[in-house]
Every structure is written in C-alpha cells, then in structure tokens.
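[1] my questions are about this predicted structure, shown below with the sequence.
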Amino acid sequence: MTRTAADILAQAMDDEMLAHGAEFYASDLGARLVVAENASHSSDGAERVAQGKSIVATLQTENPGRLALFERMNKAIDAGNMSVRAMEEIQLRFLSAAAAADVIQLKVDEAQLRALIAEGREALTEQMAEGAIAGAAWTYQSFTDAEITQYAEALEHPTMQKIYELMNAVQYEIMANRFETLAVRMNELHPGQDL
C-alpha cells in the first residue's frame, strides 16, 4: 500500500507541490508534526479517540478556542469536503464487491443502494467530524495554540490544499481497493446472506 501511494503521489505531484510540502515539513514545526502524526497513526485507534474525547470535554470549558483551531485545521485538510462522499463510495464499492463475490445478496440496484447510503450522510458527517476533532486533540496535545494556528495557516495555503486533496484521494482509493479485496476474501469465510 505504501509503495502504491508513493508511486501515485510521485507521478501526480508537480515540482511546486513537492517543494512547498518539503519546505514546510522540513521546518522545526513540520518535523515535530510528522513525528506526532506518525505516532498517532501507529497508536490504538479506539484508545486514541476515547482519550481525545476526554481532552475535548476539558477544552470545551477551559479552552474552546483551541477546539476552534482544530476545526479550522480539519476543514483545511479536507477543504473539498470529500471525506464523507469518499466514505460513501467506499461503502458502495465494498457492498457491490461483496455481492459480486456472492458474500451477500443485494435486493436493490446501484442507484437505490446509493440512495440508502446517502440517507446516513448527516450521521456519518457528524461522526467523522467528532472523530477528527478527538483525534486532533490527542495527536496535537503537546503543541501550543500558536503552533496549531501556524499549522492551520500552512494547511490553508492554496498549494498545500492541492497536496492534501491529492493525498486524500490516494488514501481513499487505496482504502476502497482494500475493502473490495476483503469483500472477495470474505467468500471463503461464510455463506452469503440477504441484505
């Protein structure tokens, strides 16, 4: 997966994007952010979110401005607001692949399935936003408000926006491919059932 992502990014990023991203992440703040984000990705996700929610609860009374900074930062990371639609597409591709592999039997066509998935969009949006804030609260707890502001400003730069749009697209495509593979492999585990 890492090699696939690196190959796609190497082909899709132009020199300006590479230079811009490298300059920021080579800075002292950028290097520390990379360490914190790598630690976050390798931590236990459920525990990270649980601890993050606890931090958020404290910040709501003690430093609501910091929560606003996390919201600003998360908005900049997903400026095109594609994460919810991407997750819906992943669900659709997973269910379609599972049906094609006879793991499940779908009693709706693709358009109906899309409509059913879209019915949960508001709840999914809220869940993802809550998880993103909790994750940020945990991941960036050692950073000052000024540093979080600096990071948000860096993420809002038009070139960084292009970088994250591309990275998000690659991440979701790889995730969708992995779920499609899982759906096919599930055929080996148990017989199909109605959905």
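    Perfect, I can see it now. Numbers count the residues shown, from 1 in each chain.
[2] need the single longest helix in this protein, by residues.
    Criterion DSSP state H: the longest helix present in the chain is helix 158-186.
[3] report the buried residues of stretch 136-148.
    For stretch 136-148, burial by neighbour count (16 or more other CB atoms under 10 Å) applies to Ala136, Ala137, Trp138, Thr139, Tyr140, Phe143, Glu147, Ile148. Every residue, glycine included, has its C-beta placed from N, CA and C.
[4] give me the contact list for it.
    The contact list for stretch 136-148 (CB atoms under 8 Å, 6 or more residues apart in numbering) reads 29, 32-33, 36-37, 39-40, 48-49, 51-53, 55-56, 59, 63, 65-67, 69-70, 73-74, 151.
[5] swap the cut-off to 7 Å and go again
    With CB atoms under 7 Å, 6 or more residues apart in numbering as the test, stretch 136-148 has contacts from 29, 36-37, 40, 48, 51-52, 55-56, 59, 65-66, 69-70, 73-74.
[6] next: stretch 68-85.
    121, 124-125, 128, 132-133, 136-137, 145, 148-149, 151-152, 155-156, 161, 164-165, 168.
[7] now do the buried residues in the helix or strand hosting Glu126.
    In the assignment (DSSP states H and E), Glu126 maps to helix 121-139. For helix 121-139, a neighbour-count test (16+ other CB under 10 Å) marks Leu124, Ala129, Gly131, Ala132, Ile133, Ala134, Gly135, Ala136, Ala137, Trp138, Thr139 as buried.
[8] give me the pLDDT for the last one.
    The one in question is Thr139. What the model reports as pLDDT for Thr139 is 96.
[9] where does the protein dip in pLDDT?
    Per-residue confidence for the chain (pLDDT under 70) gives these ranges: 1-7, 190-195.
[10] run the last query once more with 80
    1-12, 79-81, 187-195 (pLDDT under 80).
[11] quick one, strands of it?
    104-105, 193-194 (DSSP state E).
[12] so for stretch 150-157, what gets flagged as buried?
    In stretch 150-157, counting by 16+ other CB under 10 Å, buried: Gln150, Tyr151, Ala152, Ala154, Leu155.
[13] and what of stretch 179-191?
    Neighbour-count burial for stretch 179-191 [16+ other CB under 10 Å]: Phe179, Glu180, Ala183, Met186.
[14] residue contacts, the third one?
    I take that to be Ala183. Contacts of Ala183 by CB under 7 Å, 6+ apart are Phe94, Ala97, Ala98, Ala101, Val103.
[15] at 8 Å instead, please
    Residues in contact with Ala183, defined by CB under 8 Å, 6+ apart, are Phe94, Leu95, Ala97, Ala98, Ala100, Ala101, Val103.
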